[in-house]
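S.K.: This is a predicted model, with the sequence first.
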Amino acid sequence: MKPGSLICLVICKWIELLFLTLLTAFLIAGCIQFIQKLNNEAAYLTVLSIIACIMAVMNLFYNNLLSNIRFHYKIHSYTFGTLIYDLPNLICCHNVLSKLCRDRWFTVPTAIKWSIKSIYLIILIALIKNYKINNPSVTAFN
């Protein structure tokens with residue numbers, strides 16, 4: 001790979017990581033603020049919001065940020081590598097869902113995975129907007 005291409009790739013990866021970090025932070029902050037205002041009125045929205053936050057954190061840390069660090073320790077240390085690389089893979093059913101979990105350009109499993117995530121988040125946003133319209137006290141500020 002040419003040095004210019006490598007620098008461009010590194011810059012794109014840092015921008016992607018920054019974007020995902022900010023998106024995850026805003027999602028978690030908004031979820032915490034929304035859950036505090038619900039006061040146990042709509043438990044389904046609380047559960048769906050927590051699932052969305054878990055998906056965002058898993059996408060950031062498990063797939064993007066820590067994959068190279070985890071693989072590095074897998075190569076250099078058997079016990080620590082098993083703990084930090086193999087155990088999360090088993091918890092996330094990586095052996096069964098490896099083709100679906102892998103992000104590659106223009107593949108059907110990747111399109112299916114991101115379609116499911118997008119549909120889930122769109123439905124969650126629609127449910128939250130509907131709840132805010134029906135309960136204006138949630139958006140009232142003191």
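M.R.: Sure thing, it's come through.
S.K.: CA only for contacts and neighbour counts going forward, please
M.R.: OK.
S.K.: For stretch 86-96, give the mean pLDDT please.
M.R.: Averaging pLDDT along stretch 86-96 yields 66.
S.K.: and if you look at stretch 123-131?
M.R.: Here stretch 123-131 scores 88 as its mean pLDDT.
S.K.: go on, stretch 52-60?
M.R.: Stretch 52-60 comes out at a mean pLDDT of 80.
S.K.: Spit out the contact partners of the most centrally placed residue in the chain.
M.R.: The centroid of the chain falls nearest to A56 when counting by Cα atoms, centre = their mean (2.0 Å). Each residue near A56 by Cα atoms under 8 Å, 6 or more residues apart in numbering is listed here: 24, 27.
S.K.: Next secondary structure element downstream of the strand or helix carrying it?
M.R.: Following DSSP states H and E, one finds A56 within helix 43-57. For helix 43-57, the succeeding helix or strand toward the C-terminus, using DSSP H and E, is helix 67-76.
S.K.: Show the subsequent helix or strand relative to the helix or strand of the chain with the lowest mean pLDDT.
M.R.: In the chain, the helix or strand scored least confidently by mean pLDDT, DSSP states H and E is helix 94-101, which has a mean of 61. Sequence-wise, the next helix or strand downstream of helix 94-101 (DSSP H and E) is helix 108-134.
S.K.: So which elements touch that following helix?
M.R.: helix 43-57, helix 94-101 (3 or more Cα pairs under 8 Å, 6 or more residues apart in numbering; DSSP states H and E).
S.K.: Apply 10 Å and report the result again.
M.R.: helix 3-38, helix 43-57, helix 94-101 (3 or more Cα pairs under 10 Å, 6 or more residues apart in numbering; DSSP states H and E).
S.K.: Including distance to F71, could those go into TSV?
M.R.: Below are these laid out as TSV (distance: least, Cα to Cα, whole Å):
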stretch	distance to F71
helix 3-38	18
helix 43-57	19
helix 94-101	14
